[in-house]
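Novice: Mind folding the following:
(2 chains)
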Protein chains: 2
Amino acid sequence: MRPPTIRDVAERAGVSKSLVSLVLRGSDQVRPEKRDAVLRAAQELGYRPNAAARSLSERRTHTVGVLLNDLRNPWFVDLLDGLKSLLHANGLRMLLADARLNRRTGQDPADPLLDLRVDGLVVVGTLPDPAALGDVAGRIPVVMAGSREPAPPGVDVVAGDDERGARLVTEHLIGLGHRRIAHIAGYGAVGGLRRRSFEATMGRHGLADQVVVEPSDMTEEGGYRATVRLFSRPDRPTAVFAVNDIAAIGALSAAGELGLRVPDDLSVAGYDNTSIARLRHVWLTTVDNTSHDIGRRAAHCLLERFEGVGGEGRIQLATPTLEIRGTTAPAP
Amino acid sequence: MRPPTIRDVAERAGVSKSLVSLVLRGSDQVRPEKRDAVLRAAQELGYRPNAAARSLSERRTHTVGVLLNDLRNPWFVDLLDGLKSLLHANGLRMLLADARLNRRTGQDPADPLLDLRVDGLVVVGTLPDPAALGDVAGRIPVVMAGSREPAPPGVDVVAGDDERGARLVTEHLIGLGHRRIAHIAGYGAVGGLRRRSFEATMGRHGLADQVVVEPSDMTEEGGYRATVRLFSRPDRPTAVFAVNDIAAIGALSAAGELGLRVPDDLSVAGYDNTSIARLRHVWLTTVDNTSHDIGRRAAHCLLERFEGVGGEGRIQLATPTLEIRGTTAPAP
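Specialist: Okay, the predicted model is just below:
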């Protein structure tokens, strides 16, 4: 059973092969009745344009590659929805690759997407080696979304304003009367920005001497251990601001085991507004990155790069908002 | 800046184009020193084999497409790890597409993968229209993983044994002394299998008259509402078995609001052993689908189909295990 070719479509529609080709490329040089006949024939035969063949001549597969850092943490879901909204409106589809899943092949994680000739690349989250994107950016448009790592030349960055988000949540806790506030810190550019903004905000409110910081690996287990360490100290905090939601969930578990009621004895806040924070059973106060907006803006940058706009690279920051839920309350 | 071609590699290595081609195809007909020279030249030039061009001649992109039903529910993560383990060992990479993300383009959700000529397709979870896979299966190997929907001819199915899993959890609750046990039911093939097995197991233990079933849409909100309905009845259950973890989380929330302590007043069990069930803060008794094993077996079926084995399609069921955690206890 041989798949139908462009010749079969042309025969059935009673036109030439090159007219079929024009129609399939979306040309407006073709009379409507001819166009309809070609499209009808293509549909009846189940003809599938060979994107691989097209890409050789036009270098356009109408597909954008999205490289995710790790599918296991679903913080990127709203971001992908935002990307989709603008890419689909422009006739572009999305294929995904997981950097973690393809790591052990000894290849650059973007390779499977590049080998199949995607038209552009969106990198979502932090990659082990963002500098490697510099090579890719020499060939196709590249945008980094949701990460604040330094980008190589020619790559745009769209991310949340972590400094502002950490300030919002710290001021929320101070406004509730908390003085002794602990931060469960993370790593990387995002971890550093959130931590420094927490410390600066505490300082501006005359609370520099009340700052407590415990490092973590940004996992649930890390948040749990950091909280246990915090409560083995003499000066116990009345509030904990964790670098992300999943570490905050660890803090909630530790509080439960230590016999502390949340939010009566201890307030806990996270960051990212993941689906876990929104569970009624958790109902975590957190910072919303407006990830849908970040995705939409990243798509816009990519579309501009297709038109040759963008140059050395731009940085855009989306404005986060505070989501006050059930885990924060006035200081005891 | 033109990308390097096979001709550039041949010139630099001092060999013919066809020898470069042989080396890049992994031929063992080439002398080691020539092979090394070609590979060194390719690396120094940053040559990238054009998978799109290769696919025209060989129809092999060495890439397997994975179609996910919805990235927002991360139950499939272990399954992908299992797929990876075997595919990578065979030199195959994975590209992903999300059926939900590409839905509005008016295309079949597998189209972006097929247009770029993936060598095979693994469908993870339930698609709106699995019958459409029949066409695809006529052209490339297709395997369905983690779903029990009826498969079209020529498609293999690898999934968990839902009947057995539901029996395990029901017998666990009966063994704890529970008699009045409610089931928060789901939909589709999986929902039906879990429900019927729950009812059959209750019947075998002489508890057919203690069966209570409330329907749900398999979401957190659905689990919450079903539980509220259950506790507005005169004969309240002492245990709830939910069709999946996320509905069980909804049941936990409802229990909290109704002033019921879990597990002292009410036992709650889920299904799927998702990352949420494993959170220390949740610590949900649930059924583990052995998803990594399902993924590995699905990869095995696909590799066999590349060799022409498989025929009309096979069904393989993986044996689930019970994960007893903190939300189930002896009946009050």
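
Novice: all strands for chain A, in order.
Specialist: A:63-68, A:93-98, A:120-124, A:142-145, A:155-160, A:181-185, A:211-215, A:239-242, A:267-269, A:286-288, A:315-318, A:321-323 (DSSP state E).

Novice: Which one, of these, ends up nearest to B:A132?
Specialist: The closest of the strands of chain A to B:A132 is strand A:93-98. By Cβ to Cβ, the value is 16.7 Å. Every C-beta, even on glycine, is put in place using the N, C-alpha and C of the backbone.

Novice: just the helices in the stretch 151-300 of chain A please.
Specialist: Counting by DSSP state H, counting those that start in this stretch, the stretch 151-300 of chain A has these helices, from start to end: A:162-175, A:188-204, A:220-230, A:245-257, A:291-306.

Novice: Now tabulate the strands of chain A in a markdown table and tack on mean pLDDT, mean neighbour count and distance to chain B.
Specialist: A markdown table is the format used below for those (pLDDT from 0 to 100; neighbours: other Cβ atoms under 10 Å in any protein chain shown; distance: least, Cβ to the nearest Cβ, whole Å):
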| stretch | mean pLDDT | mean neighbour count | distance to chain B |
| --- | --- | --- | --- |
| strand A:63-68 | 93 | 26 | 6 |
| strand A:93-98 | 90 | 24 | 4 |
| strand A:120-124 | 94 | 26 | 11 |
| strand A:142-145 | 94 | 29 | 15 |
| strand A:155-160 | 94 | 25 | 16 |
| strand A:181-185 | 98 | 27 | 15 |
| strand A:211-215 | 96 | 18 | 17 |
| strand A:239-242 | 98 | 30 | 13 |
| strand A:267-269 | 98 | 28 | 11 |
| strand A:286-288 | 97 | 27 | 15 |
| strand A:315-318 | 94 | 17 | 20 |
| strand A:321-323 | 97 | 16 | 17 |
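
Novice: Figure out which of those strands is closest to B:I140.
Specialist: Closest among the strands of chain A, using Cβ to Cβ: strand A:93-98, at 16.0 Å.

Novice: Beta-bridge partners for the nearest residue to A:T290 once chain neighbours are set aside, please?
Specialist: Spatially, and ignoring its direct neighbours in sequence, A:T290 is nearest to A:A318 (4.8 Å; Cβ to Cβ, 6 or more residues apart in numbering or on different chains). Applying DSSP bridges to A:A318 gives these bridge partners: A:G160.

Novice: Contact partners for A:A318?
Specialist: A:158-161, A:289-290, A:293-294, A:297 (Cβ atoms under 8 Å, 6 or more residues apart in numbering or on different chains).

Novice: and if you look at A:D217?
Specialist: A:186-187.

Novice: Do I have it right that A:K17 meets A:E11?
Specialist: No: using Cβ atoms under 8 Å, A:K17 is not in contact with A:E11; the gap is 9.3 Å.

Novice: give me every residue that touches the closest residue to A:R100 other than its chain neighbours.
Specialist: Spatial nearest neighbour of A:R100, excluding adjacent residues (Cβ to Cβ, 6+ apart): A:D70 at 4.7 Å. Under the criterion of Cβ under 8 Å, 6+ apart, the neighbours of A:D70 are A:98-100, A:125.

Novice: Look up the closest residue to A:R60, ignoring the ones flanking it.
Specialist: Sequence neighbours aside, A:D119 is the residue nearest to A:R60 in space, at 5.8 Å (criterion: Cβ to Cβ, 6+ apart).

Novice: Hmm, A:R139 and that neighbour touching each other?
Specialist: No: between A:D119 and A:R139 there is no contact under Cβ under 8 Å: 10.7 Å.

Novice: In terms of neighbours, single out the busier of the two.
Specialist: A:D119 (19 against 13; other Cβ atoms under 10 Å in any protein chain shown).

Novice: List the contacts of that one.
Specialist: By Cβ under 8 Å, 6+ apart, A:D119 lies in contact with A:59-64, A:92, A:140-141, A:306.

Novice: which residues does the closest residue to A:L67 other than its chain neighbours bridge with?
Specialist: Nearest residue to A:L67, sequence neighbours excluded (Cβ to Cβ, 6+ apart): A:V123, at 4.9 Å. Beta-bridge pairing of A:V123 under DSSP bridges involves A:L67, A:M144.

Novice: how close does A:V123 sit to A:E149?
Specialist: Going from A:V123 to A:E149 by Cβ to Cβ, to the nearest Å gives 10 Å.

Novice: what residue ranges in the stretch 51-200 of chain A score low on pLDDT?
Specialist: Across the stretch 51-200 of chain A, the ranges flagged by pLDDT under 70 are A:51-59, A:73, A:102-107.

Novice: So A:L127 versus chain B, what's the distance?
Specialist: Note on A:L127: its distance to chain B, by Cβ to the nearest Cβ, to the nearest Å, is 17 Å.

Novice: That residue contacts A:A97, correct?
Specialist: No: the criterion here is Cβ under 8 Å, and A:L127 misses it with A:A97 at 11.4 Å.

Novice: any residues in contact with both of the two?
Specialist: A:67, A:109.

Novice: What segments of the stretch 1-150 of chain A are helices?
Specialist: A:6-13, A:17-24, A:32-45, A:51-58, A:77-89, A:111-115, A:133-137.

Novice: which one of these lies closest to B:G165?
Specialist: Across the helices of the stretch 1-150 of chain A, B:G165 has its closest neighbour in helix A:77-89 (26.9 Å, Cβ to Cβ).

Novice: just checking, the residue nearest to A:L67 touches A:V136?
Specialist: No: checked against Cβ under 8 Å, the pair A:V123 and A:V136 is beyond contact range at 9.1 Å.

Novice: what do those two both touch?
Specialist: A:110, A:142.

Novice: in stretch A:200-212, what counts as buried?
Specialist: Counting neighbours by 16 or more other Cβ atoms under 10 Å in any protein chain shown, one finds that the buried residues in stretch A:200-212 are A:201-202, A:207, A:210-212.

Novice: swap that for stretch A:293-307, please
Specialist: In stretch A:293-307, counting by 16+ other Cβ under 10 Å, buried: A:293-303, A:305-306.

Novice: at contact distance from chain B, anything in that stretch?
Specialist: No: shown here: stretch A:293-307 not in contact with chain B (Cβ under 8 Å from any Cβ of the partner chain), separated by at least 10.9 Å.

Novice: what mean pLDDT does stretch A:270-282 have?
Specialist: Averaged over stretch A:270-282, pLDDT sits at 89.

Novice: quick one: that stretch to chain centroid distance?
Specialist: Offset of stretch A:270-282 from its chain centre (Cα atoms, centre = their mean, to the nearest Å): 17 Å.

Novice: List the contacts of it.
Specialist: Here stretch A:270-282 has contacts from A:73-75, A:77, A:165-166, A:169, A:194, A:241-249, A:252, A:283-289, A:323, A:325, A:327, B:72, B:220, B:224, B:249-250, B:252-253, B:256, B:276, B:279, B:281-282, using Cβ under 8 Å, 6+ apart.

Novice: Just the buried ones from those?
Specialist: Buried members of those, counted by 16+ other Cβ under 10 Å: A:73-75, A:77, A:165-166, A:169, A:194, A:241-249, A:252, A:284-289, A:323, A:325, A:327, B:220, B:224, B:249-250, B:252-253, B:276, B:279, B:281-282.

Novice: if I pick the residue of chain A positioned farthest from its centre, what's in contact with it?
Specialist: Most distant from the centre of chain A: A:G14, at 48.1 Å, with distances by Cα atoms, centre = their mean. Going by Cβ under 8 Å, 6+ apart, A:G14 touches A:A37.
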